[in-house]
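Enquirer: Give me a 3D structure for the following:
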Amino acid sequence: MARWQLTISGSGVRKASVEKLAKKMQDEFGKDTSISVTDATPPESRSDRFSSAMSLVGDARSEVEELRDELQNWLDGLPGLESKRG
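Expert: Next up, the predicted model:
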């Protein structure tokens, strides 16, 4: 299944306007399409920005470890190849 992400940003863009656009998109693409509106305003203080960055690093690390494990499991399942895990 294809997945797409749409980002809308700009000065003075009101949440109500974005929600109205999301409703039109929902009507266009049908009820099987999931559309949500969330506030993506970046944190302003250095402390908050640092915490946000650390969270993103942790998420990325988890994603890389999960992918590593998936690839290792795939490799382990191939006939005639020995795992190089270690």
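Enquirer: what bits of this protein have low per-residue confidence?
Expert: 1, 81-86 (pLDDT under 70).
Enquirer: Can you give me the domain boundaries for it?
Expert: The domain map for the chain lists 13-39, 43-86, with the assignment taken from automatic domain parsing.
Enquirer: got those domains as a markdown table, with distance to Leu6 columns?
Expert: (Glycine included, C-beta is placed from N, CA and C.) Formatted as a markdown table, these follow (distance: least, Cβ to Cβ, whole Å):
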| stretch | distance to Leu6 |
| --- | --- |
| domain 13-39 | 8 |
| domain 43-86 | 20 |
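Enquirer: wait, what's in contact with Leu21?
Expert: Ile8 (Cβ atoms under 8 Å, 6 or more residues apart in numbering).
Enquirer: Which positions in the stretch of helix or strand it belongs to come out as buried?
Expert: Counting by DSSP states H and E, the element that carries Leu21 is helix 15-29. For helix 15-29, the neighbour count (16 or more other Cβ atoms under 10 Å) marks Val18 as buried.
Enquirer: Pick out the residue closest to the middle of the chain.
Expert: Gln5 (8.5 Å; Cα atoms, centre = their mean).
Enquirer: Does anything pack onto the longest helix along the chain? Which helices or strands?
Expert: In the chain, assigned by DSSP state H, the helix with the most residues is helix 46-77. Counting contacts by 3 or more Cβ pairs under 8 Å, 6 or more residues apart in numbering; DSSP states H and E, helix 46-77 is packed against no other helix or strand.
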